[in-house]
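Engineer: from the sequence below, what's the structure:
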Amino acid sequence: MPHRGQESTNGTGGGELTVPMAWLYAEYIADELLRTGDLMPPTSFEFRAGRDALALTIFLSDSGGELSGIRVITQLETWLSLTAYDQPWQEWVREHLALRSARAAGGAAPDADLDLAATAWRWLEETELLAPDLDAVPGGGPVPGEDDAPQVWTPAWRLGLPLGHLAIHLF
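Structural biologist: Numbering: from 1, shown residues only. Model (predicted):
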């Protein structure tokens, strides 16, 4: 199966499958960072939100398609700054997806990597997860247990992004 970077300039031709290696590699790195941090069970929606948010960050920050195993360590600081609390991450994602889509629009073959990234972004935006309300101030006294804390429905990316950020810190 040809890798996107190994295709001829005429596209895949012959009905061959293009393997979305850039996205799969970004997803693998994100998965490993989260598993190393041991923050959530890998089967949880929260883990998926963290993995997808990190994978988008990794994939979209690799503008030259040069992310290799050795460069992962050198990119940690970049990913940390992109996922920081005070950064407009969601706007950055929208902007970079639009730029990649514009570049891909001129290509003969569809960009499988970009399709998977766009699908992950749609899931992160459209899916809401029940999470603790970090902005709520309990009135009256201490909350006896975690289960009694106020909770709100929040877009998956709002929960996944801090998990991804923390996973990078713990790595």
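
Engineer: chain neighbours aside, what residue packs nearest to the most centrally placed residue in the chain?
Structural biologist: Against the mean C-alpha coordinate of the chain, by Cα atoms, centre = their mean, the closest residue is residue 53 at 2.4 Å. Excluding its sequence neighbours, the residue lying closest to residue 53 (Cβ to Cβ, 6 or more residues apart in numbering) is residue 160, at 3.7 Å. From N, CA and C alone the C-beta is placed, and that goes for glycine too.

Engineer: in contact with the nearest residue to residue 59 once chain neighbours are set aside, which residues?
Structural biologist: Among residues not flanking residue 59 along the chain, residue 26 sits closest, at 3.9 Å (Cβ to Cβ, 6+ apart). By Cβ atoms under 8 Å, 6 or more residues apart in numbering, the contact set of residue 26 is 55, 56, 58, 59, 62, 67.

Engineer: one step back: what about the residue nearest to the centre of the chain, which helix or strand?
Structural biologist: Using DSSP states H and E, residue 53 sits within helix 45-61.

Engineer: quick one: list the elements packing against that helix.
Structural biologist: helix 21-37, helix 69-82, helix 89-105, helix 112-126, strand 128-132, helix 156-170 (3 or more Cβ pairs under 8 Å, 6 or more residues apart in numbering; DSSP states H and E).

Engineer: can you tell me which of the contacts of residue 26 has the most neighbours?
Structural biologist: The most neighbours of any of those, using other Cβ atoms under 10 Å, belong to residue 56, which has 31 neighbours.

Engineer: which of the residues in the helix or strand of the chain with the lowest mean pLDDT are buried?
Structural biologist: Of all helical and strand segments in the chain, the minimum by mean pLDDT, DSSP states H and E falls on helix 69-82, at a mean of 81. Of the residues in helix 69-82, 72, 75, 79, 82 count as buried by neighbour count, 16 or more other Cβ atoms under 10 Å.

Engineer: how far off helix 45-61 does that helix point, in degrees?
Structural biologist: Helix 69-82 runs at 110 degrees relative to helix 45-61, counting by axes from the mean of the first three to the mean of the last three Cα atoms, to 10 degrees.
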